[in-house]
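Sequence first, then the predicted structure:
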Amino acid sequence: MTVDTYNRDKLETGHVQQEASEKKQFTPPEGLGTKVSVRLSVLPYLYVTELRHGVTDGRVTPSIVCESASSALVDGNNGFGSVVGNFCMDLAIEKARKTGIACVCAKACGGSQAKGSKYPTRKMNYPRKSGFSTELQYSPAPALNSERLSQGFSFTNAFPGVLGTRAKQAAFGTNPIAVAAPGKNDDNFELDMATSVVASGKVELAHLKNESIPLGWLMDENGKLTSDPSGITGDAILMPLGGTEEHSGYKGTGLGMMVEVLCGILSGADYAHKIRDWKIFDRPANLSHCFIAINPALYAPGFEDRMSDLIDSCRSMEPADPSKPVLVPGDPERSHSKAVRDEGAITYHPNQAKQCWQTAKLLNVAPMTPV
């Protein structure tokens, strides 16, 4: 899908041209072989529906409610989480330049919360020279030059859909966490993970492709583990990171709750059971985010050298299976990104393309063109 088509898409559903341009700039290129496909599958039934029901507003800009030298509370004004995320990370970066560390929280964010968790990998580490994103060409972030900040944390809460350990119902959302820190030569630590056993988008994608999922990802409405991904569109619930209690699922539940403390509780937004169902659009999502920026220049020198040493040490460990080398967070996404750039295109399943063509028809915009 071209940039022009993307802008017309958002204009038809309430976005202004400037906002559409910003949102496509915010979409990070990491994970082109997997996460791009996952997020594209969410576009028709969540992002577009949020806009069409008026519970996410594409015309607004975030505003600062209160702030100090190293903190701020931001009102997202029910705008896209990706737009709010960029605003908050920029604000945290500027504050941390002077204070060493800064924390910015945001409330009243729209239903497209997922991309908000990706900002440390794009904003904190290094300028991108080129790349791709879900629907369009990626615009590189401004360089932060030699004084750039280089360590960032991002958290976001989400629509409830992850089982609480020992419970029979969803306690939290997938509540993703992202942490980024640079090594030398743009070889960076880039952790991006859900606090559920798997991101909901992977189950949605398997459903769209008519594929089964590993047993242990999803619990059906009868409280039984299932390999059928179709339940993700109904009453099935994702397992927490770790799975069952015997396999330390309580740790995933604890991490999900930690994200709620940093996001919903700290910002005053909805949290856990107070967040509306993702299938009901009777009110704004009121999701929330937390962004923490650290300026290592105000700490011990040699941060990137030590980071690279840690990364190299992990990668150089002898693998249990010689055909599967030891990886560090960010390696799979870098591999996928390279494959997409080498091929010059992103491969989608025919059912994904069909879904997007139907959405394009609904919005009266040009569909993606196969290559």
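Okay, I see it. Residues are numbered from 1 along each chain as shown.

those strands in the stretch 151-300 of the chain, which residues are they?
151-156, 162-163, 170-172, 177-181, 189-193, 218-219, 225-226, 237-238, 287-294 (DSSP state E, counting those that start in this stretch).

and the first one, C-alpha only, in PDB?
Taking only C-alpha atoms (Å, rounded to 0.1, in the frame of the first residue of the first chain), the coordinates of strand 151-156 have been written out as PDB:
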ATOM      1  CA  GLN A 151      18.600   3.500  26.800                       C
ATOM      2  CA  GLY A 152      14.800   3.400  26.900                       C
ATOM      3  CA  PHE A 153      11.900   1.500  28.400                       C
ATOM      4  CA  SER A 154       8.400   1.300  27.200                       C
ATOM      5  CA  PHE A 155       5.200  -0.200  28.700                       C
ATOM      6  CA  THR A 156       1.600  -0.300  27.600                       C
END
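
Tell me which of the strands of the stretch 151-300 of the chain lies nearest to residue 105.
Closest of the strands of the stretch 151-300 of the chain to residue 105 is strand 287-294, at 5.0 Å (criterion: CB to CB). (C-beta placed from N, C-alpha, C; glycine too.)

list the helices and strands the closest one packs on?
Using 3 or more CB pairs under 8 Å, 6 or more residues apart in numbering; DSSP states H and E, the elements in contact with strand 287-294 are helix 81-99, strand 101-109, strand 151-156, helix 266-267.

could I get the strands of the stretch 151-300 of the chain as JSON lines with mean neighbour count?
Below are the strands of the stretch 151-300 of the chain laid out as JSON lines (neighbours: other CB atoms under 10 Å):
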{"stretch": "strand 151-156", "mean neighbour count": "25"}
{"stretch": "strand 162-163", "mean neighbour count": "28"}
{"stretch": "strand 170-172", "mean neighbour count": "24"}
{"stretch": "strand 177-181", "mean neighbour count": "23"}
{"stretch": "strand 189-193", "mean neighbour count": "20"}
{"stretch": "strand 218-219", "mean neighbour count": "24"}
{"stretch": "strand 225-226", "mean neighbour count": "16"}
{"stretch": "strand 237-238", "mean neighbour count": "25"}
{"stretch": "strand 287-294", "mean neighbour count": "28"}
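
Pipe those into JSON lines and attach distance to residue 104 per row.
JSON lines is the format used below for these (distance: least, CB to CB, whole Å):
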{"stretch": "strand 151-156", "distance to residue 104": "10"}
{"stretch": "strand 162-163", "distance to residue 104": "25"}
{"stretch": "strand 170-172", "distance to residue 104": "22"}
{"stretch": "strand 177-181", "distance to residue 104": "15"}
{"stretch": "strand 189-193", "distance to residue 104": "19"}
{"stretch": "strand 218-219", "distance to residue 104": "34"}
{"stretch": "strand 225-226", "distance to residue 104": "39"}
{"stretch": "strand 237-238", "distance to residue 104": "28"}
{"stretch": "strand 287-294", "distance to residue 104": "5"}
